[in-house]
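Undergrad: Show me how the following folds:
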Amino acid sequence: MTPDRNTALPVPEPLRRFVSRLPIRPPSVVLALALDRLLRPQLPADAAQQLAGRVVEIEVCDLGIRCRLMLDAGGFHAAPDGGAVALRVAADAASFLRLLRGEEDADRLFFERALVMEGDTEYGLILKNTLDAIGPLLRWPARAA
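TA: Sure thing, here's the model as predicted:
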């Protein structure tokens, strides 16, 4: 299932299809490194323990990018493609960016069908509540309209 929203970047369909066929590992490694720097220092130990050992897939639908991550005692790591995931989160790039900046609420995006979460509901709520408690991960100004 893909999000229902008209905020997608104007990426030509052939380019999006091409990107979606590329290996999942490079963007997963980059995202894992970013999360180690931005999120891990703020992650409470009890939340890290609850979130550890499960694979989360993140899809940026309008760009055709998928990432798979896992958290363990050493930090965030790229998880291999294939196999089961505990949680799959999908949205367009603009929605993810607004979430990271704290400009948009995940619940609102979910009910507007701009954000899709599939999988273990309890795990998803732990992740969502942890991120809500931490607050925005990106703190640069929004673009002027």
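
Undergrad: Would you mark the buried spots in the longest strand along the chain?
TA: If you go by DSSP state E, the chain has its longest strand at strand 65-72. Neighbour-count burial for strand 65-72 flags Ile65, Arg66, Cys67, Arg68, Leu69, Met70, Leu71 (criterion: 16 or more other CB atoms under 10 Å). Yep, even glycine has a C-beta here, placed from its N, CA and C like the rest.

Undergrad: Please convert these to CSV, extending it with distance to Val56 and pLDDT.
TA: Formatted as CSV, the buried residues of strand 65-72 follow (distance: CB to CB, whole Å; pLDDT from 0 to 100):
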residue, distance to Val56, pLDDT
Ile65, 14, 90
Arg66, 11, 93
Cys67, 9, 95
Arg68, 7, 96
Leu69, 5, 96
Met70, 7, 96
Leu71, 8, 96
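
Undergrad: which one of these is nearest Gly83?
TA: Arg68 (8.9 Å; CB to CB).

Undergrad: Spell out the residue ranges of the strands in this protein.
TA: 55-60, 65-72, 75-78, 87-91, 115-119.

Undergrad: what's around the residue lying closest to Phe110 once chain neighbours are set aside, how many residues?
TA: Spatially, and ignoring its direct neighbours in sequence, Phe110 is nearest to Met117 (6.5 Å; CB to CB, 6 or more residues apart in numbering). Using other CB atoms under 10 Å, Met117 has 20 other residues around it.
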